[in-house]
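*Asks:* Give me the fold of what follows.
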Amino acid sequence: MHLNRYGQVGIFMASAAGLQLAAVAAGRGFLLTQMTMSAYYTLAVLGISLLMGYAGQISLGHAGFVAVGGYTSAVLTTLDLTPYRAQPLVAASQGLGLLLARPDLYGGELLVVQPLVACILAVALATLLAFVVGIPVLKLKGHYLAMATLGVGTIVYSLALGTQWLGAADGISSVPPFPLPFGASVGGPAGGRVVNYYVAVALLGAAMLLLLNLVQARVGRALRAIHGAEDAAAAMGVDTASLKLKTFVLSAALAALAGVFLTHYNGGIGPSEASVMKSVKYMAIVAVGGMGSLWGTLGMSLALNFLSLRGYFGAYDDVVFGLILVGMMLFAPEGLLALQPRRALAALRLRLRRREDGEEPR
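*Replies:* Numbering: from 1, shown residues only. As a prediction, this is how the structure comes out:
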C-alpha cells in the first residue's frame with residue numbers, strides 16, 4: 001500500500017513517540033536531550049537537501065544561516081532595553097507588546113524583545129541575507145558556487161568570532177527559554193525534556209510536510225528539471241534563476257529557524273555553529289541520506305547527529321564526517337540506500353587498476 005505524504009508524516013510522528021516511550025521506559029530519558037538537538041539540526045539539513053538534491057545547488061555556507069538565526073534571537077532576547085525605555089520606538093514597541101520584562105540573574109529586571117518577535121526578525125534577517133547573497137552567487141555553477149558559499153559562511157563565522165558584542169569566542173549565554181502556549185517552553189530545566197522533544201518533532205514534521213508538498217507539486221518537477229539539465233529547463237519556460245533563488249532563500253529560512261530554536265533550547269550559542277566543518281557535516285549527511293531523498297536525509301541526520309552529540313566519534317568527529325563525505329561521493333553519490341556493494345567494489349578495483357597502469361613505465 002502506497003502512503004501519501006500525510007500518512008508518511010504520521011508514521012514518522014508515531015515512530016518518534018515510540019522512541020520517546022522506549023527511552024523513558026528503559027530509564028534513559030536523558031537521551032531525549034540529544035534527540036531533541038538532533039531534530040533541530042535535521043531541520044537545517046532538510047533545507048540543504050532541498051537545495052542540493054532537487055535544485056542541484058551546492059552550499060558550503062549554510063551553517064552561517066543557522067548562526068544568523070541563533071545569534072539574532074540571542075541578541076534580541078538578552079539585550080537590556082531598560083535604559084532606552086523613554087525612547088519613542090522602545091515605548092511604542094512596549095505598548096504593542098513586542099517587548100518583555102523578565103528577571104535577570106541578580107534579581108533585577110530586563111526589558112528585552114519577545115522571543116516570538118525575535119524569532120520572526122531572525123528568520124527575516126537570514127532570508128534577506130540569502131536573497132542579497134543569492135542573486136549574484138547563484139549565477140555561478142559547480143565548484144565556483146561552492147567556493148562562493150564557503151566565503152559567505154566564513155565571513156559569518158569570522159564576524160561571530162571577532163565581534164565583542166556577540167560574545168566573541170565565548171558566544172552569548174543566558175538566552176531565555178522560548179515560551180509556548182499552555183505554559184510550555186523551548187529550553188528550561190531538565191524536567192521539560194519530554195515537552196521539548198515533542199516540540200522539536202512537531203516542528204520537524206511540519207517542515208517535512210511543507211517540503212513534501214513542495215517537491216511533489218509543479219515546483220518540485222521544475223526543480224528536478226533544473227537539476228537534470230538547467231539549459232533544457234530554461235528552454236521549456238522554467239524561470240531557473242528565480243526558482244533557484246527562492247529555493248536558496250527557503251533553505252536559509254529553515255536553517256535560521258533551526259538556529260533560533262536550538263539557541264533557546266541550549267540557552268546560548270557560540271561561533272562554532274557557523275564553522276566550515278558544520279557546513280561540511282550537513283553536506284555529508286545529505287550525501288549519506290541520498291540526493292533528492294528527504295526521508296533518507298531525515299533518517300540519516302537524526303542518527304548521525306545523535307551519535308555525534310553523544311560523543312561516539314570523540315575527537316575525530318570532523319574526521320568521520322569528512323571521510324563520510326569523500327566516501328559517499330566516490331562510491332555512492334546517490335546515497336547510502338542506493339549503494340550497490342558489487343558496483344562499489346568494481347569501481348574501486350577499476351580505480352586501482354588505472355592507477356597501476358599509470359605508474360607502469362611505457
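*Asks:* alpha carbons only for contacts and neighbour counts from here, please
*Replies:* Fine.
*Asks:* now the residue lying closest to Gly314 once chain neighbours are set aside: how far from Gly153?
*Replies:* The spatial neighbour of Gly314 that comes closest, neighbours along the chain excluded (CA to CA, 6 or more residues apart in numbering), is Ser308 at 7.9 Å. Counting by CA to CA, to the nearest Å, the separation of Ser308 from Gly153 is 22 Å.
*Asks:* picking up where we left off before, and the residue nearest to Gly314, what pLDDT?
*Replies:* Looking at Ser308, its pLDDT is 93.
*Asks:* which outside residues touch the helix or strand harbouring Ala160?
*Replies:* Counting by DSSP states H and E, the element that carries Ala160 is helix 142-162. Helix 142-162 is contacted by residues 57-65, 67-68, 137-138, 166-169, 171, 270-272, 274-276 when judged by CA atoms under 8 Å, 6 or more residues apart in numbering.
*Asks:* How about stretch 230-245?
*Replies:* 55, 57, 131, 134-135, 138-139, 222-223, 225-226.
*Asks:* In ChimeraX, select just the buried ones from the contacts of helix 142-162.
*Replies:* The buried residues among these can be selected in ChimeraX (16 or more other CA atoms under 10 Å) with this line:
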select :57,58,59,60,61,62,63,64,65,67,68,137,138,166,167,168,171,270,271,272,274,275,276
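*Asks:* Show me where the stretch 251-362 of the chain dips below the pLDDT cut-off.
*Replies:* Where the stretch 251-362 of the chain drops to pLDDT under 70, the residues are 332-348, 351, 355-362.
*Asks:* Which parts of it are helices?
*Replies:* 276-289, 294-309, 317-331, 341-359 (DSSP state H, counting those that start in this stretch).
*Asks:* Select, out of these, the one closest to Tyr198.
*Replies:* In terms of CA to CA, the element of the helices of the stretch 251-362 of the chain nearest to Tyr198 is helix 294-309, at 14.3 Å.
*Asks:* tell me what that closest one is packed against?
*Replies:* Applying 3 or more CA pairs under 8 Å, 6 or more residues apart in numbering; DSSP states H and E, we find helix 294-309 packed against helix 31-49, helix 276-289.
*Asks:* sorry, back to before: so the residue nearest to Gly314 versus Met37, what's the distance?
*Replies:* 11 Å.
*Asks:* try Leu51
*Replies:* Distance from Leu51 to Met37, by CA to CA: 22 Å.
*Asks:* For those two, indicate the residue with more neighbours.
*Replies:* More crowded of Leu51 and Met37, by other CA atoms under 10 Å: Leu51, with 27 against 23.
*Asks:* so what's the more buried one up against?
*Replies:* Applying CA under 8 Å, 6+ apart, the residues near Leu51 are 57-58, 247-248, 251.
*Asks:* ok, so of these, who is nearest Ala25?
*Replies:* Ser251 (36.4 Å).
*Asks:* burial of the residue lying closest to that closest one once chain neighbours are set aside, as a residue count?
*Replies:* Distances taken as CA to CA, 6+ apart place Gly47 nearest to Ser251, at 4.0 Å, with adjacent residues excluded. Applying other CA under 10 Å, we find 27 residues neighbouring Gly47.
*Asks:* is it true that Gly47 touches Ala255?
*Replies:* Yes: assessed by CA atoms under 8 Å, Gly47 is found in contact with Ala255 at 6.7 Å.
*Asks:* re earlier: between the helix holding Ala160 and helix 276-289, what angle do the directions make?
*Replies:* 140 degrees (axes from the mean of the first three to the mean of the last three CA atoms, to 10 degrees).
*Asks:* So which bits of helix 142-162 are buried?
*Replies:* 145-150, 152-157, 160-161.
*Asks:* which two from those residues end up farthest apart in space?
*Replies:* Maximum pairwise distance among these (CA to CA): 24.4 Å, between Leu145 and Leu161.
*Asks:* Among the contacts of Leu51, which lie within strands?
*Replies:* Within the contacts of Leu51, no residue falls in strands by DSSP state E.
*Asks:* Just give me the closest of the residues you listed to Ser185.
*Replies:* For the contacts of Leu51, the nearest to Ser185 is Ser251 (25.1 Å; CA to CA).
*Asks:* Quick check: the gap between the closest one and Ser279.
*Replies:* 13 Å.
*Asks:* One more: Pro179?
*Replies:* In terms of CA to CA, Pro179 sits 29 Å off from Ser279.
*Asks:* likewise Ala130?
*Replies:* 15 Å.
*Asks:* ok so, going back, what sits against the residue nearest to Ser251?
*Replies:* Counted by CA under 8 Å, 6+ apart, Gly47 has contacts 250-252, 254-255.
*Asks:* Likewise for Gly69?
*Replies:* 119, 122-123, 125-126, 255-260.
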